[in-house]
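Participant: Attaching a predicted model along with its sequence, questions to come.
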Amino acid sequence: MIQTTTLLTITLMALVTYLTRVLGYVVLRDRTLSARTTAVLDAAPGCVLIAVIAPAFVSDRPADLIALAVTLAAATRLPLLATVVVGVTAAGLLRQLLG
Amino acid sequence: MAGLDVSITADAEAGRGSELLRGMTAALPVMIGFVPFALVLGAQAARKGLSPVEVPVMTGLNFGGGSEFAAVELWTSPPHALLIAAMTFLVNSRHLLMGAALVPHLRDLPKRQAFPALFFMCDESWAMGLADAKRSAAGFSLPYYLGVSAGLYLTWISFTALGALLGPTIGDVTVYGFDMAFPAVFLVLLRGMWKGARAAAPWLVSLVAAAAVHLLVPGGAWHVAAGALSGLAWSFLQAGRRG
């Protein structure tokens, strides 16, 4: 049930992905980090997360933008699961209503 | 003394077990968020000719949702291995930064534990592990991170396989709003990392840069690299000014 070219492609993908996962760690592991580097690395998690979801902030569908605003408001005060439920419900309802 | 050693080891074992469980429990909402995407990815892959065996092999060895969607999008019969590998690198290049950000937290961990642990690093497991490290006095908890990872990994593999089996019966999940689960998860994780407006300034830079690049170069993953690097450049300048 597995074709050779498929397996080759999947293996290549897996190697590339694992390389991206370990490379940053391997390069920095044995170095002493300056205060400045530490500050930059501290900012990295937030920068990556917000960059991944940035397209949602410039959607051309009003329903999606309103749903995102609702989700953002929920995220500032609710726990994770509640925020996910509010976000998914808001997006589903608003898309039905506004298209 | 031998008895004492045994009881300390047993305590440590129990501690690890409860940390693992704590991670899995914390990951539950994200696991639920994974389900619709995993089903859709599996179904799309099946439509492109991947078998219900090949799909979990791909998602199990690669475990990177964004790159898998890109690969399936580009999939032909036979697939262009090098094109797909290059796209995989582009989509996952943010891992370079994420791995680097983990270095201060993994200082005490031997390489033989760090390398397998890094295999499971995805946006969510990484962010949850770091957010937990910032909250707790004990710092980064490897068993907590592995608990989160196990929950996410098993969900992803099993539901992509199920998606491949169900195939075309699965429609477009964005109609129902399930795609909002990811911004929701990410925003809550960001709240957990919030340390005041000044510390968040690089995030705003990232957001604006990533949004602009997304509008100018739609599709692909350029907005992630451009956004993250702009924010880091800002933070580098900010840290320099401070002294």
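Facilitator: Yes, it's here.
Participant: need the helices for the chain, in chain order.
Facilitator: Going with chain A. Assigned by DSSP state H, chain A shows helices spanning A:4-29, A:35-57, A:62-75, A:80-98.
Participant: The chain in question should be chain B.
Facilitator: In chain B, the segments counted as helices under DSSP H are B:2-47, B:54-62, B:65-74, B:81-92, B:94-102, B:111-119, B:123-135, B:142-166, B:181-193, B:197-216, B:222-242.
Participant: Including mean pLDDT and distance to chain A, could those go into JSON lines?
Facilitator: For the C-beta atoms, the positions are set from N, CA and C on the backbone; glycine is no exception. Shown next, in JSON lines, are the helices of chain B (pLDDT from 0 to 100; distance: least, C-beta to the nearest C-beta, whole Å):
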{"stretch": "helix B:2-47", "mean pLDDT": "83", "distance to chain A": "4"}
{"stretch": "helix B:54-62", "mean pLDDT": "97", "distance to chain A": "4"}
{"stretch": "helix B:65-74", "mean pLDDT": "86", "distance to chain A": "6"}
{"stretch": "helix B:81-92", "mean pLDDT": "87", "distance to chain A": "4"}
{"stretch": "helix B:94-102", "mean pLDDT": "92", "distance to chain A": "3"}
{"stretch": "helix B:111-119", "mean pLDDT": "96", "distance to chain A": "5"}
{"stretch": "helix B:123-135", "mean pLDDT": "92", "distance to chain A": "5"}
{"stretch": "helix B:142-166", "mean pLDDT": "97", "distance to chain A": "11"}
{"stretch": "helix B:181-193", "mean pLDDT": "87", "distance to chain A": "4"}
{"stretch": "helix B:197-216", "mean pLDDT": "95", "distance to chain A": "3"}
{"stretch": "helix B:222-242", "mean pLDDT": "88", "distance to chain A": "3"}
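Participant: Now those helices in CSV, please, with extra columns for mean neighbour count and distance to residue A:27.
Facilitator: Output for those, formatted as CSV (neighbours: other C-beta atoms under 10 Å in any protein chain shown; distance: least, C-beta to C-beta, whole Å):
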stretch, mean neighbour count, distance to residue A:27
helix B:2-47, 17, 27
helix B:54-62, 22, 22
helix B:65-74, 20, 21
helix B:81-92, 19, 16
helix B:94-102, 25, 7
helix B:111-119, 15, 13
helix B:123-135, 22, 17
helix B:142-166, 22, 21
helix B:181-193, 23, 23
helix B:197-216, 19, 21
helix B:222-242, 20, 15
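Participant: nearest residue to residue B:225 other than its sequence neighbours?
Facilitator: Excluding its sequence neighbours, the residue lying closest to residue B:225 (C-beta to C-beta, 6 or more residues apart in numbering or on different chains) is residue B:93, at 5.7 Å.
Participant: I'd say that neighbour and residue A:17 touch.
Facilitator: No. If you go by C-beta atoms under 8 Å, residue B:93 and residue A:17 don't touch, sitting 10.4 Å apart.
Participant: re earlier: tell me which of the helices of chain B lies nearest to residue A:69.
Facilitator: Proximity to residue A:69, assessed across the helices of chain B by C-beta to C-beta, is greatest for helix B:181-193 (10.8 Å).
Participant: Please state the offset of the closest one from the chain centre?
Facilitator: In this view, helix B:181-193 has its centroid 12 Å away from the chain centroid, taken as C-alpha atoms, centre = their mean, to the nearest Å.
Participant: Which secondary structure elements does it sit against?
Facilitator: Other helices and strands packing on helix B:181-193, by 3 or more C-beta pairs under 8 Å, 6 or more residues apart in numbering or on different chains; DSSP states H and E, are helix A:35-57, helix A:62-75, helix A:80-98, helix B:2-47, helix B:123-135.
Participant: Which of those sits closest to residue B:64?
Facilitator: helix B:123-135 (9.2 Å).
Participant: now what about that closest one, what contacts it?
Facilitator: A:45, A:48-49, A:52, B:23, B:26-27, B:30, B:94, B:98, B:101-102, B:105, B:139-141, B:144-145, B:148-149, B:152, B:185-186, B:189, B:192-193 (C-beta atoms under 8 Å, 6 or more residues apart in numbering or on different chains).
Participant: more crowded one of residue B:93 and residue A:17?
Facilitator: Using other C-beta atoms under 10 Å in any protein chain shown as the criterion, residue B:93 and residue A:17 rank with residue A:17 on top: 24 against 19.
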